[in-house]
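J.: Provided below are the primary sequence and the corresponding predicted coordinates.
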Amino acid sequence: MKKRVIGSLVAVAIVLGGAWLGGIAWSRHVFAERLDEVMTRLNASPALSASQQQLERGFLRTHGTLVVTWQQATLAGEPIELVMPWQARHGILATRFSGEADVRGGDDGPRLFADRLSPGERVQLSAVIHHFQRNGELDVTFPERVGMTQGPRRATLAGARLQFEGDEHHLNLKGHFDSLQLADDSGSLALGTGEFSSRRRMANASGEDDEQRIEQLRIEQLQVHSPGALPVTLRGLHWQGHAERRQGLLSYALSSRIEGIRVSQQGLGSLKLNATLDRLGAEAAERFMAGLRRSPASTADDWLGLIEPVESSFLAMLAPSPQLTLSELQVRSPMLDQPIALSGQLTFNGEGVTETRIAELRRPAGMRHFLQRLTGSFTLSHAPPLLALIIGQNPDQNPIEFAISDGELRVNDQPLLPLGRLLSVP
C-alpha cells in the first residue's frame, strides 16, 4: 500500500514537474518571439537602428542590453543612443521584466540622466508580460529629482513615474509627478502635484476604423512669477479631452475647469468650459497634424503660411462641415453679482471647399468668401455692464445674442463688424 501511494506521488510529481518545465519553455519561447518582433519594428523605422548586445538566453532567465540609435538627433555631437540593460524571468503564464534606461551620445558619450540630470541615477523599468491574455503592464520610475541648468534657464522635475497597461487593441497610461519648476530671467513657473492619464482604444482587426482616446490632467496648483508683476496662482486645474473616430469622422469633446484664480492675495474667481468639435475628416486631420509637425515654424501673423504646405489635408478635413458646440463657458467671481455664461454653436459649410486654394485666401475677396461659410449663434448671459457698452448695448441688457452669418458678426440683430476684421483682412 505504502509503495502504491509513494508511486502515485512520484507520478504526480513527475507530471507536475513536466508541466512546469513545459510552461517555462513555452513562456521562454513566446518571450523570444515578442522580443524579435520588437526588434523588427524598431529597425523598420528609417530614423532608428536597434541591436541587442550581450544577449544570453537561459532556461529560466534571459538578459541583454538593448541599444536604439537615433541618427537624426545628437547629444554632445554624437547620435543619440537609448541604452537599456535588462533581464527577464520566465514563469509558467507570464514573464517578469526589469531593467534600467539612459540616453547617451555615442558609445562613450555622456549619459543624460546618470551624468547630467540626476547624477548616478537612471530610469528604472519593471514589467509583466501575460502570454495567454497577450497583454502586459510596464512601470517607468524616474529618478526622485531630475534637474537641468543651462545658463539662466533651470528646470526641476520631482517624483515622476509612468504606468502603461494594454494589449494590441487598448493602451492605457497613467502618470504622476510631485512637482515641476521652470525658471529663467523672465520669471518662473511652478506646478504642484500633477496626475494625468490616457486611455486609447485602437482599430480592431475586422477593418473597422473606430478609435477613441480619453485623456485627463489634474494639477493641484500652478504659480507664475514675473519680475515687476504680481504673482498669479491657479488652483485645481482639471482638463479632459475625448477624441473619437467613427465612420471616417473625428470628434473631440473638451471639459476643463479652474477652481480658483488668485493674483497676489486677491481671489478673482473660477472658470469652467465644456465644448465639442464634431464632423472633422479623420484621415485628413491625421495628415494635416503630421504635416504641421514636419513644417518649419511660422510666424503668428502668417497662419496661412503655416497651412499652405498641407492645404489639401486642411481643406479635406473641413469638407464634412465641422461643427463647434460651446455647451458652457462660465466665469464666477466675487466681483460679479452673477456668473457670466456663454453658450452656442458654430458651423462651417464644407461643400466644395476642397476646390479652394490658400493663395486665394491671401486676397481680401477670397478670405471674405471663405468666412461666409461660417454660420452660428451664441448667447451671453449676465455680461458686465462695461462689456455691454463696448459692443453698443444697454448696460442692463440680458441676455446678449450674437449671430454669425454672411461673413458678419451681429449683436441683437444689429451688425457689429465683419469677421474679416478679426483676422486683419481689409
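T.: Done, it's in.
J.: residue ranges with poor pLDDT in the protein?
T.: Scanning the chain for pLDDT under 70 picks out 1-29, 203-209, 296-301, 423-426.
J.: and it, what are its domains?
T.: 1-143, 158-237, 248-426 (automatic domain parsing).
J.: Pull the distance from stretch 307-327 to the chain's centre.
T.: Mean-position distance between stretch 307-327 and its chain equals 20 Å (Cα atoms, centre = their mean, to the nearest Å).
J.: returning to what we had before: please tabulate the domains of the chain in a markdown table, including the columns mean neighbour count and distance to Gln150.
T.: (Glycine included, C-beta is placed from N, CA and C.) Compiled in a markdown table, the domains of the chain are given as follows (neighbours: other Cβ atoms under 10 Å; distance: least, Cβ to Cβ, whole Å):
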| stretch | mean neighbour count | distance to Gln150 |
| --- | --- | --- |
| domain 1-143 | 15 | 10 |
| domain 158-237 | 15 | 9 |
| domain 248-426 | 15 | 20 |
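J.: Now do the helices in the stretch 51-200 of the chain.
T.: Secondary structure of the stretch 51-200 of the chain (DSSP state H, counting those that start in this stretch): no helices located.
J.: the strands in it, which residues?
T.: Here the stretch 51-200 of the chain has its strands, by DSSP state E, counting those that start in this stretch, at 61-75, 78-90, 94-105, 123-130, 135-141, 145-150, 153-158, 161-166, 170-177, 179-184, 187-191, 194-201.
J.: mind checking which of those is nearest Leu422?
T.: strand 187-191 (29.7 Å; Cβ to Cβ).
J.: returning to that earlier point: may I see the domains of the chain arranged in JSON lines, with distance to Thr149 as well?
T.: Listed next are these as JSON lines, based on distance: least, Cβ to Cβ, whole Å:
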{"stretch": "domain 1-143", "distance to Thr149": "10"}
{"stretch": "domain 158-237", "distance to Thr149": "10"}
{"stretch": "domain 248-426", "distance to Thr149": "25"}
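J.: before we move on, the earlier item: got the strands of the stretch 51-200 of the chain as CSV, with distance to Leu254 columns?
T.: Output for these, formatted as CSV (distance: least, Cβ to Cβ, whole Å):
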stretch, distance to Leu254
strand 61-75, 32
strand 78-90, 34
strand 94-105, 34
strand 123-130, 32
strand 135-141, 28
strand 145-150, 30
strand 153-158, 26
strand 161-166, 24
strand 170-177, 19
strand 179-184, 23
strand 187-191, 20
strand 194-201, 15
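J.: Of all those, which one is nearest Pro384?
T.: Once the strands of the stretch 51-200 of the chain are compared by Cβ to Cβ, strand 187-191 is nearest, at 29.2 Å.
J.: Who does the closest residue to Arg153 other than its chain neighbours form a beta bridge with?
T.: Computed as Cβ to Cβ, 6 or more residues apart in numbering, the closest residue to Arg153 that is not its neighbour in sequence is Asp184, at 4.5 Å. Counting by DSSP bridges, Asp184 is bridged to Gly187.
J.: how much space between Asp184 and Pro231?
T.: Asp184 sits 16 Å away from Pro231, going by Cβ to Cβ, to the nearest Å.
J.: And the residue lying closest to Leu273 once chain neighbours are set aside, which helix or strand is it part of?
T.: Nearest residue to Leu273, sequence neighbours excluded (Cβ to Cβ, 6+ apart): Ser256, at 4.6 Å. Ser256 belongs to strand 249-263 when assigned by DSSP states H and E.
J.: Given that strand, what are its sheet partners and their directions?
T.: Looking at strand 249-263 with DSSP bridges, its partner strands are strand 232-246 (antiparallel), strand 266-281 (antiparallel).
J.: If you compare the directions of the first one and strand 194-201, what angle comes out?
T.: Using axes from the mean of the first three to the mean of the last three Cα atoms, to 10 degrees, the inter-axis angle of strand 232-246 relative to strand 194-201 is 0 degrees.
J.: if we can go back for a sec, not counting the strand holding Ser256 itself, show me its contacts.
T.: By Cβ atoms under 8 Å, 6 or more residues apart in numbering, the residues outside strand 249-263 that reach it are 230-244, 267-282, 285, 320.
J.: can you give me the offset of that strand from its chain's centre?
T.: Put simply, strand 249-263 sits 15 Å off its chain's centre (Cα atoms, centre = their mean).
J.: Can I get it in PDB? Just the C-alpha atoms.
T.: Provided in PDB are the C-alpha atoms of strand 249-263 (Å, rounded to 0.1, in the frame of the first residue of the first chain):
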ATOM      1  CA  LEU A 249     -15.200  61.300 -39.000                       C
ATOM      2  CA  LEU A 250     -13.300  62.700 -36.000                       C
ATOM      3  CA  SER A 251     -14.900  64.400 -33.000                       C
ATOM      4  CA  TYR A 252     -13.300  65.900 -29.900                       C
ATOM      5  CA  ALA A 253     -15.000  66.800 -26.600                       C
ATOM      6  CA  LEU A 254     -13.200  69.100 -24.200                       C
ATOM      7  CA  SER A 255     -14.100  69.600 -20.500                       C
ATOM      8  CA  SER A 256     -12.000  71.900 -18.400                       C
ATOM      9  CA  ARG A 257     -12.200  73.900 -15.200                       C
ATOM     10  CA  ILE A 258     -10.000  76.100 -12.900                       C
ATOM     11  CA  GLU A 259     -11.300  76.000  -9.300                       C
ATOM     12  CA  GLY A 260      -9.600  79.200  -8.200                       C
ATOM     13  CA  ILE A 261      -7.700  82.100  -9.700                       C
ATOM     14  CA  ARG A 262      -5.700  84.400  -7.500                       C
ATOM     15  CA  VAL A 263      -3.500  87.400  -8.200                       C
END
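J.: Give me the contact list for the helix or strand containing Pro415.
T.: Element membership for Pro415, per DSSP H and E: strand 414-418. Surrounding strand 414-418, the residues in contact under the criterion Cβ under 8 Å, 6+ apart are 368, 391-392, 407-410, 425.
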